[in-house]
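[1] sequence-free structure coming up:
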Ligand code: GAP
């Protein structure tokens, strides 16, 4: 059953709450905007995503090692990295509603509306001309459509120029020229546009004033850069080698929307790959293709993933690409692969006065390595996996009471619970005892759940809804021949197997090896 994309997003959000994946933070106090908590199923799924990333990066590469740096870092770190001076978004307030917006997002939304008008004209013509319709020809010749497209393009160019030049006045005049109204008050009573730094800050207990100002890290990468010397010395890694890290990052996002897509507290999985200068683009191509394969190994269709090259490169990058995923609200950035040159190590070397160089024994020379980074948001990956997995099917349950099956078709390796153990009925003590025994044995191998409430069909539905790949049912035959049924979440086929083989059968299906 096809689910409309805008409906799909709403359904995923409420499904997350109902089935213990994600709750709004401090909900009893009405929540905290753009901050979320992961519930019992959410934490399992998130841990599995992290495990998959860690295994494929660290365990599978003998030249990539792990790190867990602190969230707090010396404030000079953020001066060197450029975050104090340049980690800004352009902000504008509406004087009537007192609401705050990102100026570039307001402009992008207005441009999208112009493009939507062009698309609407095309859709109307498609119906009118039916089989004879040539969409490309119509888009390039119909006066009204051409006018919309040109208008959108002009504003897109102005936006790109204003952003590159950090020209706040130019951004404001685009908002005025586009006649953008406040989504809340409907008014055009705007303040000036000004830069807003996205870093959260706090204060050290024993030092007053600016000296004691600390930042919550906005990316995990800097913890890797400042440990480059420590790690290279203690692990004796030879270039090329990588350092990988998973950890929290914090950004005071002005526009926080789309659920866990853009949060103020989130988790990143980042790897910095240190290479000899001049070889960085080769490494960049390798990681581009390696990261795309990582996504596809989970069964995500190729049509839902694409590369998006950065048109305006940051001043320190000589190549950058996003892997975009088709979220219910369109193709958006899921991961970034950036060739960051020697910008970060050089900046830390200059500000700290410590040499951050590598001695290359083959070349018999010291140099500051170049860096290729892969950076993915764990929460965005979580949302991508849920969006891809959420499925509604017209399949009545065993009792015939529920006609729609909602199933999360997550890859078994990612599923929060691998196996549910279910006694056919709960009012037969011998069945319950047997089922408990099976559960107590299986739980040593993987995450299991035990459920004896409600009719069996409803219990299967509950497991489908959280993506449990296998349900083991203990019935009356189990008492005499020690066999059980294993129900496959996707095919719905039930196979009768001996209890002694259960762990091995399921283990095989959830083996990480199949992903590498
Ligand atoms: N070290 C490079 C870096 O931080 P980025 O493109 O700013 O690059 C990397 O972030 C990834 O972190 C993004 O591709 C996205 O998956 C995730 N991310 C960034 N901001 C986020 C936010 N506010 N909420 C959730 N995830 C975010």
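    Now that the structure is in, tell me what you want to look at. Just so you know, these numbers come straight off a predicted model, no measurement behind them.

[2] how about the residue in the chain that the ligand sits nearest to, what does it touch?
    Nearest residue of the chain to the ligand, counting by CB to the nearest ligand atom: residue 377, 2.6 Å away. To be clear about C-beta, it is placed using only N, CA and C from the backbone, and glycine gets the same treatment. Taking CB atoms under 8 Å, 6 or more residues apart in numbering, we find residue 377 in contact with 266-269, 334-335.

[3] In strands only, show me those residues.
    Members of the contacts of residue 377 lying in strands (criterion: DSSP state E): 266-269, 334-335.

[4] Out of those residues, flag the one nearest to residue 45.
    Of all the ones in strands among the contacts of residue 377, residue 45 sits closest to residue 267, with 12.7 Å by CB to CB.

[5] Test my guess that that closest one contacts residue 246.
    Yes. Residue 267 lies in contact with residue 246 (CB atoms under 8 Å); the separation is 6.7 Å.

[6] between those two, what contacts are shared?
    What both residue 267 and residue 246 touch, as defined by CB under 8 Å, 6+ apart, is the set 50, 378.

[7] returning to what we had before: ok, so of the contacts of residue 377, who is nearest residue 108?
    Looking across those and measuring by CB to CB, the closest to residue 108 is residue 334, at 18.6 Å.

[8] Surely residue 242 and residue 62 touch.
    No. Using CB under 8 Å, residue 242 is not in contact with residue 62, being 10.6 Å away.

[9] ok so, going back, the ligand next: which of the contacts of residue 377 are close?
    266, 268, 334-335 (CB under 6 Å from any ligand atom).

[10] From those, pick the one nearest residue 475.
    residue 334 (43.3 Å).

[11] if I read this right, that closest one contacts residue 322, doesn't it?
    Yes. Counting by CB under 8 Å, residue 322 is a contact partner of residue 334 at 7.4 Å.

[12] Looking at those two, which has the bigger crowd around it?
    Neighbours were counted for residue 334 and for residue 322 using other CB atoms under 10 Å; residue 334 has more, 23 against 19.

[13] Contacts only, for residue 486.
    Residues in contact with residue 486, defined by CB under 8 Å, 6+ apart, are 470-472, 494-497, 502, 505-506.

[14] Give me the buried subset of the residues you listed.
    470-472, 497, 502, 506 (16 or more other CB atoms under 10 Å).

[15] Just send the residues you listed back as TSV, with distance to residue 436 and pLDDT too.
    Putting the buried ones among the contacts of residue 486 into TSV (distance: CB to CB, whole Å; pLDDT from 0 to 100) gives the following:
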residue	distance to residue 436	pLDDT
470	18	97
471	16	97
472	12	97
497	19	96
502	14	96
506	18	95
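
[16] Please list the members of these that lie in strands.
    Using DSSP E, the members of the buried ones among the contacts of residue 486 that fall within strands are 470-472, 497.

[17] And the residues you listed, which two are furthest apart?
    The span of these, defined through CB to CB, is set by 471 and 497 at 12.6 Å.

[18] Could you pick out the residues of this protein near the ligand for me?
    219, 221, 251, 253, 262-263, 266, 268, 270, 333-336, 373, 375-377, 379-380.

[19] try 5 Å
    Selection of the chain residues close to the ligand by CB under 5 Å from any ligand atom yields 219, 221, 251, 262-263, 266, 333, 336, 375, 377, 379-380.

[20] Of those residues, just the buried ones, PyMOL syntax please.
    The buried residues among the residues of the chain next to the ligand can be selected in PyMOL (16+ other CB under 10 Å) with this line:
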select buried, resi 219+221+251+262+263+266+336+375+377+379+380
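
[21] Cross the residues of the chain next to the ligand against strands and list the overlap.
    266, 333, 336, 375, 377.

[22] how about the fourth one, what does it touch?
    Spelled out, it's residue 375. 219, 221, 268-271, 335-338.

[23] Any chance of those residues in JSON lines with pLDDT as columns?
    Output for the contacts of residue 375, formatted as JSON lines (pLDDT from 0 to 100):
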{"residue": "219", "pLDDT": "97"}
{"residue": "221", "pLDDT": "97"}
{"residue": "268", "pLDDT": "98"}
{"residue": "269", "pLDDT": "98"}
{"residue": "270", "pLDDT": "98"}
{"residue": "271", "pLDDT": "98"}
{"residue": "335", "pLDDT": "98"}
{"residue": "336", "pLDDT": "97"}
{"residue": "337", "pLDDT": "98"}
{"residue": "338", "pLDDT": "96"}
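
[24] Emit the ChimeraX select command for whichever of those residues are buried.
    To isolate the buried ones among the contacts of residue 375 in ChimeraX, judged by 16+ other CB under 10 Å, type:
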select :219,221,268,269,270,271,335,336,337,338
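
[25] nearest to residue 286, of the contacts of residue 375?
    residue 337 (9.9 Å).

[26] Which residues are in contact with the closest one?
    Applying CB under 8 Å, 6+ apart, the residues near residue 337 are 284, 287-288, 291, 320-323, 372-375.

[27] Of those residues - the most surrounded one?
    Neighbour counts for the contacts of residue 337 peak at residue 372, which has 27 neighbours (criterion: other CB under 10 Å).

[28] Pairing partners for that residue in the sheet, please.
    Using DSSP bridges, the bridge partners assigned to residue 372 are residue 273, residue 339.

[29] next one: the one 5 residues further on
    Bridge pairing for residue 377 (DSSP bridges) gives the partners residue 268.

[30] Now stretch 238-249: buried residues?
    Residues of stretch 238-249 classed as buried: 239-247, 249 (neighbour count, 16+ other CB under 10 Å).

[31] CSV for those residues, including distance to residue 157, pLDDT and secondary structure?
    Output for the buried residues of stretch 238-249, formatted as CSV (distance: CB to CB, whole Å; pLDDT from 0 to 100; DSSP: H, G, I helix; E, B strand; the rest coil):
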residue, distance to residue 157, pLDDT, secondary structure
239, 41, 94, coil
240, 39, 95, coil
241, 42, 97, strand
242, 38, 98, strand
243, 39, 98, strand
244, 39, 98, strand
245, 38, 98, strand
246, 39, 98, strand
247, 38, 98, strand
249, 32, 98, strand
